[in-house]
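Peer 1: no letters, just coordinates:
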DNA sequence: GTTCTTACGTA
DNA sequence: CGTACGTAAGAACA
């Protein structure tokens, strides 16, 4: 080894534990497994990281340092070092060993040193290399590594996950912290390091610390002048000098460990292709990551491991002339689809579409098609006899609408199928779904899916889109089996999938909204807002605090005005409306009334403003309804949410007057189910009293109250009625006596009495509630009237909080979920009836138990009939389903 | 710049 | 210490 060799050295130094841990949290543990139950997400992420860094940084030498279990010399100095950390998750166990196996196969040296941390190993090697004129690159998320940065030492800090890195050079450190790298440990000693359980000086952050360092040169300088530093921070420093000195001792890197000194030891290029292949096989890593292993890892003559890839059908890019034939031959029996396109505010577009079957793949670029080819494609898409599959069929439908194409024949919607199987999981895109499901025999390996299926990539050859369609095809198989296993096939085929087409129409139609009405309301509220704000400030000596800041309010209410402290939140004392009303009743402080008024008017303006931003040029709002968010099976609405437009207060309701009938239509109609959840309760519990209540036609809460309080129905007073009502609904939510008491503002004893009285008269309800939780505990899931399941593993948890929470969910889910089932059935029937009767009226919105309909002129009675039948007969319960109908020019007037 | 917390609108 | 959601603002973190 000659001097010039050393000078050419470019060594990559990786903090193994820290990066493995990051990878573990960046990737889903349940999306990566070796097929035998061993999680491999950290192994995959780490391997991906080292491959990427070696490819981009082209180092000549590499070393990975790991911490050893058990303590280090630092623990002897300070026994709280790194205390308070959460326990390592079970799925992480064993993955470090697997990473070491991968490194061995790659021919990368890894090291551990008893009694020292990985950081110390890295520090020793980095400084030694730099001293010899070489260059070091450190990959570490530990801030202690910042001190090592220098002219020939660069730190790569992971920003997000394990693939995005920030380059820290001396200049970058200086810019970020305002001090040179070698002073960073001084700063860290002052500020502290929460991750290592090293408290710093309270009240001193990076800014103050940097200022002192600039002023006094370094930490010893600061300590020497500690006496002369003014203010709170100075006193705080003097009070915590011991901590600071300890921190500085702890965060100093060790530079003189005894490690192999021969640079040759760390040279890259000793990897063995066959071993690597075997290790990757064991880990069930797919072909993509093997393909990406840079050759510089491997010994001379070694091959990059071959990918055991499944042969994908070749990707065709048919010309206009070829397309009709292709569609009628290769795709005559249907295909899986993946698309590239957009949909925003009713303005969608479909740019490319990939089709896949077992035997063929094609990517079609719509802009390149001539008229005849586009007609052929349109015919194929619209043919209900040709089955199609996509990840998100509604979205594809929207994109197609943008080109005046319509699609029929959907067979499977992967997102819906996945949701029915795992209603409590967050929805993921196609790549995420693939990660969750695809295993090693698939072309698109789970682990690489994130990158492979990135449809936003501008790779122009269509290969990615073709792969995505292939993934859709293969995922359908998996999900179809799973639907069957979970008894959800019919829910998918007969309810959710047809419903998604109906919802697609609602979204595309949108609802007409008059901006002028909203603008007028906003103006009124703006005037009122400044009035109440001024009035509020007048009670604070004119101090214009931010009334929207809970923190500032706490300060004002509980310190300055010294009002009695009420309910607590996680971080302090609550300032919510309930608390403020309580406080006002106790103190009559006028500031509280003004604050509450300000809250109300601010909220209204915020709602109005949000709505206005979503009005399209055509004067309509197109919300998006989601079928795979609410675990109970309800729809949810966003951008904007039209399921939470105010209705409880007069002022709020006025917003509804802006939602009006469409041009060319006669009126807006609202139709809602009356007390659907209680009717479901009656049906499911088979409680004779409750069933009688609904069959009698009397007011429900009045009837129930007369039984609970044992008086004649005409003797029930409003207080009795409202208490009973609260109990009825509370039961469906798993309400405790404590919660009931709080809500009704009565004693807990009275609340308990109420509930007991209720159960005495309606024993069937009590039995039903108890039995449904026990059944769910035994089977592991709850079920709605249509067999929609919700899995609740926490019902058998040892943790009381979790278990009781799951019990409440178990009480509520069948009720809320069955109501969702029923209105979904109703939407399908209403849609079907409107079509069959050839009416132009159309459903615009669904708000859980309500539909809003654009009624065409002259169709009023016909639509009433359709709604009454479609909603009223959606599902046969043991009690009637009652539907209330209202009609008017706008949503407010259509209330009833 | 992103994520968490608080608050509040609906069924 | 009542279920199910979505949005916005401020605070906190990086």
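Peer 2: Good, I have the coordinates. Everything numeric here is computed off the predicted structure, so don't read it as measured data.

Peer 1: relative to DNA strand B, how far out is the residue in the stretch 451-600 of chain A that DNA strand C sits nearest to?
Peer 2: Using Cβ to the nearest atom of the strand, the single residue of the stretch 451-600 of chain A nearest to DNA strand C is residue A:549, 3.4 Å away. Backbone N, C-alpha and C define where each C-beta goes, glycine included. Per Cβ to the nearest atom of the strand, to the nearest Å, residue A:549 is found 10 Å from DNA strand B.

Peer 1: list, one by one, the residues from the stretch 551-700 of chain A near DNA strand B.
Peer 2: Counting by Cβ under 7 Å from any atom of the strand, the positions of the stretch 551-700 of chain A adjacent to DNA strand B are A:569-572, A:574-578, A:599-600, A:603, A:607, A:641, A:643-649, A:652.

Peer 1: what strand or helix carries residue A:403?
Peer 2: For residue A:403, there is no enclosing helix or strand under DSSP states H and E.

Peer 1: secondary structure class of the residue nearest the centre of chain A, three-state.
Peer 2: With the centre of chain A defined as its mean C-alpha position, the nearest residue by Cα atoms, centre = their mean is residue A:426, 5.6 Å away. Here residue A:426 is recorded as coil under DSSP: H, G, I helix; E, B strand; the rest coil.

Peer 1: dihedrals phi and psi, it?
Peer 2: In terms of degrees, to the nearest 10, the main-chain angles of residue A:426 are phi -70, psi 140.

Peer 1: same thing with the one 3 residues further on?
Peer 2: Backbone dihedrals for residue A:429, given as degrees, to the nearest 10, come out at phi -70, psi -180.

Peer 1: and it, how many residues sit next to it?
Peer 2: 16 (other Cβ atoms under 10 Å).

Peer 1: quick one, domains of chain A?
Peer 2: What automatic domain parsing lists as the domains of chain A is A:3-172+A:256-263, A:315-491, A:513-621+A:629-660, A:677-817.

Peer 1: same list (those domains) but as CSV, adding mean pLDDT.
Peer 2: What follows is the domains of chain A, written out as CSV (pLDDT from 0 to 100):
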stretch, mean pLDDT
domain A:3-172+A:256-263, 85
domain A:315-491, 88
domain A:513-621+A:629-660, 93
domain A:677-817, 94
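
Peer 1: need those in CSV (columns: distance to residue A:238).
Peer 2: What follows is these, written out as CSV (distance: least, Cβ to Cβ, whole Å):
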stretch, distance to residue A:238
domain A:3-172+A:256-263, 21
domain A:315-491, 49
domain A:513-621+A:629-660, 27
domain A:677-817, 43
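
Peer 1: out of those, which is closest to residue A:852?
Peer 2: domain A:513-621+A:629-660 (7.8 Å; Cβ to Cβ).

Peer 1: nearest to residue A:895, out of the domains of chain A?
Peer 2: Of all the domains of chain A, domain A:513-621+A:629-660 sits nearest to residue A:895, with 7.5 Å by Cβ to Cβ.

Peer 1: can you give me the buried ones in the helix or strand hosting residue A:343?
Peer 2: Assigned by DSSP H and E, residue A:343 belongs to strand A:335-344. By 16 or more other Cβ atoms under 10 Å, the buried positions in strand A:335-344 come out as A:335-341, A:343.

Peer 1: could you find the closest non-adjacent residue to the closest residue to DNA strand C within chain A?
Peer 2: The nearest approach of chain A to DNA strand C comes at residue A:739, 2.3 Å away (Cβ to the nearest atom of the strand). Of all residues not flanking residue A:739 in the chain, residue A:730 sits nearest, at 7.1 Å (Cβ to Cβ, 6 or more residues apart in numbering).

Peer 1: pull the number of nearby residues for that neighbour.
Peer 2: Counted with other Cβ under 10 Å, residue A:730 comes out at 20.

Peer 1: my read: it touches residue A:740, true?
Peer 2: Yes. With contacts counted by Cβ atoms under 8 Å, residue A:730 reaches residue A:740, the gap being 5.3 Å.

Peer 1: what sits against the spatially closest residue to residue A:657 that is not a sequence neighbour?
Peer 2: Using Cβ to Cβ, 6+ apart and skipping the chain neighbours, the partner closest in space to residue A:657 is residue A:892 (4.0 Å). Residue A:892 is in contact with A:653-654, A:656-657, A:659, counting by Cβ atoms under 8 Å, 6 or more residues apart in numbering.

Peer 1: likewise for residue A:15?
Peer 2: Residue A:15 makes contacts with A:65, A:118-119, A:122, A:138-142, A:145, as judged by Cβ under 8 Å, 6+ apart.

Peer 1: could you measure residue A:883 against DNA strand B, distance?
Peer 2: Counting by Cβ to the nearest atom of the strand, the gap from residue A:883 to DNA strand B is 13 Å.

Peer 1: report pLDDT for that residue.
Peer 2: As predicted, residue A:883 sits at a pLDDT of 97.

Peer 1: which strand residues bridge it?
Peer 2: Beta bridges link residue A:883 to residue A:673 when assigned by DSSP bridges.

Peer 1: just say helix, strand or coil for residue A:611.
Peer 2: The three-state assignment at residue A:611 reads helix, by three-state DSSP.

Peer 1: can you pull the buried residues of stretch A:732-740?
Peer 2: Buried-residue list, stretch A:732-740, by 16+ other Cβ under 10 Å: A:732, A:734-737, A:740.

Peer 1: of all these, which comes closest to residue A:753?
Peer 2: Within the buried residues of stretch A:732-740, the smallest distance to residue A:753 is 9.1 Å, found for residue A:737 (Cβ to Cβ).

Peer 1: before we move on, back to that, any of the contacts of residue A:892 buried? List them.
Peer 2: A:654, A:656-657, A:659.

Peer 1: excluding chain neighbours, what is closest to residue A:750?
Peer 2: Residue A:750's closest residue in space is residue A:741 (Cβ to Cβ, 6+ apart), at 7.0 Å.

Peer 1: and if you look at residue A:856?
Peer 2: residue A:840 (4.3 Å).

Peer 1: tally of neighbours for the one you found?
Peer 2: 13.

Peer 1: equivalent analysis for the one 10 residues further on, please.
Peer 2: Close neighbours of residue A:850, defined as other Cβ under 10 Å, add up to 17.

Peer 1: now do it against residue A:856, distance only.
Peer 2: In this view, residue A:850 and residue A:856 are 20 Å apart by Cβ to Cβ, to the nearest Å.

Peer 1: about what we covered before: what sits against the residue nearest to residue A:856?
Peer 2: A:665, A:856, A:859.

Peer 1: most neighbours out of those, which is it?
Peer 2: Neighbour counts for these (other Cβ under 10 Å) peak at residue A:859, which has 22 neighbours.

Peer 1: surely that residue and residue A:841 touch.
Peer 2: Yes. Using Cβ under 8 Å, residue A:859 is in contact with residue A:841, at 4.9 Å.

Peer 1: picking up where we left off before, confirm that the residue nearest to residue A:856 sits in a strand.
Peer 2: No. Applying three-state DSSP, one finds residue A:840 to be coil, outside a strand.

Peer 1: pLDDT score for it?
Peer 2: Reported pLDDT for residue A:840: 98.

Peer 1: how about the one 3 residues further on?
Peer 2: Listed pLDDT for residue A:843 reads 97.

Peer 1: which ones are touching it?
Peer 2: By Cβ under 8 Å, 6+ apart, residue A:843 lies in contact with A:502, A:506, A:827, A:830-831, A:834, A:851-854.

Peer 1: dump these into a markdown table; add neighbour count as well.
Peer 2: Shown next, in a markdown table, are these (neighbours: other Cβ atoms under 10 Å):
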| residue | neighbour count |
| --- | --- |
| A:502 | 19 |
| A:506 | 23 |
| A:827 | 23 |
| A:830 | 25 |
| A:831 | 21 |
| A:834 | 21 |
| A:851 | 24 |
| A:852 | 21 |
| A:853 | 27 |
| A:854 | 24 |
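
Peer 1: next one: phi and psi at residue A:137?
Peer 2: Dihedral pair for residue A:137: phi -120, psi 120, per degrees, to the nearest 10.

Peer 1: same question, residue A:138
Peer 2: Per-residue torsions, residue A:138: phi -110, psi 130 (degrees, to the nearest 10).
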